[in-house]
Each structure stands twice: as C-alpha cells, then as structure tokens.
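Asker: based on what follows, work out the 3D shape:
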Amino acid sequence: MYLRKTQKKKRGGHRGGGGTGGSLGGGFVGDFAGTQDPYSHPKAGSVPECHRFAAVVDLIAQNNGDPSNFMQSLRDQFMDLKKPEWGSGGFKSQFKDDTPPGNSPNQVRHYVGTFEAGYVGGKKWGYSVGLQAGLYITDQHELEFDTRTNARGDEFPYIINEERTNWPTHVADRNLNRVSVNHGALLGSGRIKPPQLGNLIRKEVCQ
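Answerer: Numbers count the residues shown, from 1 in each chain. Sure thing, here's the model as predicted:
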C-alpha cells in the first residue's frame, strides 16, 4: 500500500512501520517542450519542480482515465527508485523536507506513496473511513522509537521518542500526508476523476 520514498538514516532509534506526447499545459512546460522525454523534470529542488510534477500528472491522466490504471501509472513513474530523483522544489514551505537530520527531500515520491494509501482506503471503505485509515498508516511511518534488545540480541521498538518524532522531516511529511492522503481518498471513493488531480496539486501542494 504505502511505499517509503527513500530509506532514511536511523539515528539511535527505529522508524515506525507502516507514462506519450501532447501538450501538458501549465506555466513551466515551455522549458521542456523540446525534450525527448515528456516526463522529464527540472533539477531536484528547483522552483518549477512542483508545477512540473502537476503537469506530468496531467499527462498521465490523459492516457489513463481509469482510476486503477492511473494509480499504477503514478507508481510506475514516481516510485521507481531507478528513475531520476525529484525533490521538494516549489512545494509550499510546510511540505519541504529539506532540513536534517534524517530528511529525504523527494516529496514527489512521498506524495505518491501516501496518496496511494488514501486511494486504497477510499476504494475499499469509502471516503471518510478510507481517509482515516490512510492517515493512520502514513503517520505511523513518521514515528521514531527507542529500542530495546532481547536476550537473543534482537532489537525491537520500545517507546516513542518524542524528540526524533518531531524532527522537521517528520513534521513536513505529516503535513503533506494531510493533503496527499485526502487526494487519494477522493479518487478512490470516486469523488474526483484522474484529470482533476493535477489542479488539486497546483492549488494545495505547490507554491
């Protein structure tokens, strides 16, 4: 359901568990109009990045009107660790994951991973319950735990470490979860269609 955007470094604790041409529209597409890859994007962390993300979502929606196919295409495009990294350029300040320790700036991947949690929940249980289930799962991922070691030498989470749980990286991720999971639940429950997502990202995620 929810895939980690990258493997963050563990610092004395344990982390909580948990696709073809055409005009894209939008204000930043001109810089990429001549590129061979219609899914190319700016340098990670640059200002146009969030709006380019929304433009690529628009393109994927043009080619995938069915929500299930659309979700899979988002995963293929943005969750593939072999593809170039995105960052959090152009994201609203409360969503930027640029502050150490433990940060992972690829908020595009985080958005899509947590969007999927809301989508699956909304599809299975409807909007309200799906939203709450998705938020629970994704917020659990942002917890940091102190650990203990048992007699066999196995390390296991013992108690939440409030200081690490409130590192800026986790605060930014939880802030983004409130938007991305909601968007996913809206799509999964049928309240929005794939072509509407790009504009929601521009309005609620991008500066």
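Asker: contacts, neighbours, all on C-alpha from now
Answerer: Noted.
Asker: all helices for this structure, in order.
Answerer: 49-63, 67-78, 107-125, 127-140, 162-165, 168-188, 197-204 (DSSP state H).
Asker: closest one to residue 100 among the ones you listed?
Answerer: Of all the helices of the chain, helix 168-188 sits nearest to residue 100, with 7.0 Å by C-alpha to C-alpha.
Asker: flag every buried residue along the closest one.
Answerer: 168-174, 176-188 (16 or more other C-alpha atoms under 10 Å).
Asker: just stretch 54-66 next, same as before
Answerer: Counting neighbours by 16+ other C-alpha under 10 Å, one finds that the buried residues in stretch 54-66 are 54-64.
Asker: try stretch 134-143
Answerer: 134-135, 137-139, 141-143.
Asker: same list (the helices of the chain) but as TSV, adding mean pLDDT.
Answerer: Below are the helices of the chain laid out as TSV (pLDDT from 0 to 100):
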stretch	mean pLDDT
helix 49-63	96
helix 67-78	97
helix 107-125	98
helix 127-140	98
helix 162-165	94
helix 168-188	97
helix 197-204	98
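Asker: turn these into a markdown table, columns for distance to residue 101.
Answerer: Output for the helices of the chain, formatted as a markdown table (distance: least, C-alpha to C-alpha, whole Å):
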| stretch | distance to residue 101 |
| --- | --- |
| helix 49-63 | 23 |
| helix 67-78 | 24 |
| helix 107-125 | 16 |
| helix 127-140 | 18 |
| helix 162-165 | 9 |
| helix 168-188 | 7 |
| helix 197-204 | 26 |
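Asker: looking at those, spot the one closest to residue 86.
Answerer: Taking C-alpha to C-alpha, helix 107-125 is the member of those nearest to residue 86, at 6.2 Å.
Asker: counting by contacts, list what the closest one packs against.
Answerer: helix 67-78, helix 127-140, helix 168-188 (3 or more C-alpha pairs under 8 Å, 6 or more residues apart in numbering; DSSP states H and E).
Asker: sweet, I'm off.
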